[in-house]
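> Got a predicted structure here, sequence first:
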Amino acid sequence: MNVRKFWTDEEILEELSQEKQKRAAIRQLYIGYYQSLQGYILDNQGSEAEAAETIQKSMLVFLNMVETGKFSKGSAVGPVLERVNRNLWAGTLADRKSEKRSADPGPDMTQSGNGDVARSLAEIKGYQLINALYEKLGNKCKKILMLYHFESLSLKEIAVEMDYGSELLVREDIDRCMIKLTAQLSENKHACNLVRKAIDDGK
Amino acid sequence: MLNYLNGTLGEEDRSIFEKEKAHDKELQERLELIEFTIRAVKMNGNKETIRRVQQEFIQEKLENKNFTGIATPGIEKKKMPVIFWLKIIAAVSITCLFLFTIYVLRNDGPSVYEARYISYEIAADWTLSTQENLLESLFIQGEFRQMFQAIAGRERERLSATELLLLGNAALELDSARASLAYLEQLGEIRDHTGSDDFHEELDFYLALTYLELENYHKALHLVEKIRKNETHRYSNNFSLLDQLSIKFRMLI
């Protein structure tokens, strides 16, 4: 991918909201901030591998903040990303300490940090529970949901891509797969409660 | 519910659904759960995209040891468009022009005179008359005023070329360009009249300086061009091209 231009914060935020440019926008985030985010972790008892893992999570949290409107307009991207990264790394360090003390359960990551970052972290925990169920769906269901909800393809495009006879059939399958996924969640009371908690914590 | 979220409900059904939703907490929660599930699917895609971008990015970083991020610019050099370089050239040209204008504006005739004036040095091999000897020794001693007392009563037309040159320079030493002009122009007339080549280089130089001091730019420019053009002229290096341009500029304004 040859992006021969540095993007402004406004451009990055705008393109993150457009599926077709999202990948390029994420790449810009890496070009612009990976080094400083990694530097922070390396300076605070972390390894390069731990930095890579934390930065990946930070990007996800940041993206969720942008997509759910938790990223306040007018804020600069860099400081927010750094705050997310700091919070996540503080959580990791706290986990590490509690592991040493063995008996204590690790602190809840959603409690680390404050406000928008903590709320976004709580939501991500909920997403992880749902995605564990999503992985149990058949490949066809996983693909159609991904094409529709993530890649934002139209019913017509999905029909071509997945060889459906009509858009109506695509619509029916999307709904069927969605019902299947939510049914799985409803059947698992524990997971369902945790997801509801994540929704509440994310508010 | 899915139809409502997909936006495929008709207006009437949508209105009914929204009314029901407003009063039914359970319906609200179920709707919230579905919306959250959709976001989870989206986030799953985001996670995969981020993972791939990171993988590519780290790979590139490993392949390019000199990699630096935006924070320390270096990677992905921004290709500057031609217009950018044209703007740079224009900015540099305007700055140069501005500095040149400032220089030229500050460099008026008296300034050039101050910068280029050098005291006249008498040649060692002169053969002088008694009168000339007296002026020469007074000139060497810096007794410029006494030089004029020494010639009091003599008509300017009767002064020799050597005397006129010395007196012209003495007048310059006394900061009187106007007096100098009279002697040097007289020297010029003698030279034109007799066809003598004596002191022609000295005359060109000191007369040019005198004109500059008196802000007679037209005559000064003629002499400065003449001196600079002739590489063998004794004073050819005493005026710069900028001096010449400054004089031309002064003539324009």
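Everything's here; your move.

> Name the residue of chain A that lies nearest to chain B.
Taking CB to the nearest CB, chain B has its nearest neighbour within chain A at residue A:150, 3.0 Å off. In this view, the C-beta of every residue, glycine as well, is placed from N, C-alpha and C.

> how about stretch B:148-156 as PDB, C-alpha atoms only?
Taking Å, rounded to 0.1, in the frame of the first residue of the first chain, the C-alpha atoms of stretch B:148-156 are listed here in PDB:
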ATOM      1  CA  PHE B 148      45.300  76.300  -0.200                       C
ATOM      2  CA  GLN B 149      47.100  79.200   1.700                       C
ATOM      3  CA  ALA B 150      50.200  78.300  -0.300                       C
ATOM      4  CA  ILE B 151      48.500  78.900  -3.700                       C
ATOM      5  CA  ALA B 152      46.600  82.000  -2.500                       C
ATOM      6  CA  GLY B 153      46.800  84.700  -5.200                       C
ATOM      7  CA  ARG B 154      47.400  82.300  -8.000                       C
ATOM      8  CA  GLU B 155      44.800  81.800 -10.600                       C
ATOM      9  CA  ARG B 156      43.400  78.300 -10.900                       C
END
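
> Which of the helices or strands spans the most centrally placed residue in chain A?
In chain A, the centroid-proximal residue (CA atoms, centre = their mean) is residue A:60; its distance is 3.7 Å. Residue A:60 belongs to helix A:48-67 when elements are defined using DSSP states H and E.

> For residue A:154, grab phi and psi.
With angles defined as degrees, to the nearest 10, residue A:154 sits at phi -80, psi 170.

> Oh, that last question was meant for residue B:121, not what I typed.
phi -110, psi 130.

> Local confidence estimate at residue A:42?
Note for residue A:42: predicted pLDDT of 93.

> Any idea how many residues pack against the nearest residue to it once chain neighbours are set aside?
Spatial nearest neighbour of residue A:42, excluding adjacent residues (CB to CB, 6 or more residues apart in numbering or on different chains): residue A:51 at 6.1 Å. Residue A:51: 20 surrounding residues under other CB atoms under 10 Å in any protein chain shown.

> For the next helix-or-strand element following the helix holding residue A:60, give the mean pLDDT please.
As assigned by DSSP H and E, the chain's next helix or strand after helix A:48-67 is helix A:77-100. Average pLDDT, helix A:77-100: 86.

> which other helices and strands contact the helix or strand following helix A:77-100?
Next helix or strand after helix A:77-100 toward the C-terminus (DSSP H and E): helix A:115-134. Under the contact definition 3 or more CB pairs under 8 Å, 6 or more residues apart in numbering or on different chains; DSSP states H and E, helix A:115-134 sits against helix A:48-67, helix A:77-100, helix A:167-187, helix A:189-202, helix B:25-63.

> and among these, the most buried is which?
For these, the largest average neighbour count (mean count of other CB atoms under 10 Å in any protein chain shown) is found in helix A:48-67, namely a mean of 20.

> Where do the domain boundaries of chain A fall?
Per automatic domain parsing, the domain ranges recorded for chain A read A:1-116, A:135-203.

> Could you do chain B as well?
Per the record, chain B has its domains at B:2-63, B:109-252, by automatic domain parsing.

> quick one on the thing from earlier: can you name every helix or strand that the helix holding residue A:60 contacts?
With contacts taken as 3+ CB pairs under 8 Å, 6+ apart, helix A:48-67 sits against helix A:9-16, helix A:19-43, helix A:77-100, helix A:115-134, helix B:25-63.

> Contacts made by it with the rest, please.
A:13, A:16-17, A:26, A:29-30, A:34, A:37-38, A:41-42, A:46, A:70-71, A:77, A:80-81, A:84-85, A:88-89, A:92, A:116-117, A:120-121, A:123-124, A:127, B:39, B:42-43, B:46-47, B:50-51, B:54, B:58 (CB atoms under 8 Å, 6 or more residues apart in numbering or on different chains).

> let's see 7 Å
Here helix A:48-67 makes contact (CB atoms under 7 Å, 6 or more residues apart in numbering or on different chains) with A:13, A:16, A:26, A:29, A:34, A:37-38, A:41-42, A:71, A:80-81, A:84-85, A:88-89, A:92, A:116-117, A:120-121, A:123-124, B:43, B:46-47, B:50-51, B:54, B:58.

> which one is the residue of chain A most remote from its centre nearest to, not counting chain neighbours?
Relative to the centre of chain A, the most outlying C-alpha is that of residue A:165, 33.3 Å out, by CA atoms, centre = their mean. Among residues not flanking residue A:165 along the chain, residue A:159 sits closest, at 7.6 Å (CB to CB, 6+ apart).

> how far away is that neighbour from residue B:186?
Plainly put, residue A:159 is 108 Å away from residue B:186 if you go by CB to CB, to the nearest Å.

> Where does pLDDT dip in the chain?
Just so you know, I chose chain A. Under the criterion pLDDT under 70, the flagged ranges of chain A are A:1-5, A:99-114.

> actually it's chain B I care about, not the one you picked
Flagging of chain B using pLDDT under 70 yields the residue ranges B:65-80, B:123-131.

> Show me the residue of it that gets nearest to chain A, please.
For chain B, CB to the nearest CB, closest residue to chain A: residue B:45, 3.0 Å.

> That residue against residue A:146, yeah?
Yes: counting by CB atoms under 7 Å, residue B:45 does reach residue A:146; the two are 5.7 Å apart.

> correct me, but residue A:181 touches residue B:37?
Yes: using CB under 7 Å, residue A:181 is in contact with residue B:37, at 6.0 Å.

> ok, residue A:28 - how many residues close by?
When neighbours are counted by other CB under 10 Å, residue A:28 registers 25.

> which residue packs closest to it, ignoring adjacent ones?
residue A:7 (4.7 Å).

> how near is residue A:10 to residue B:46?
With CB to CB as the criterion, residue A:10 and residue B:46 are 20 Å apart.
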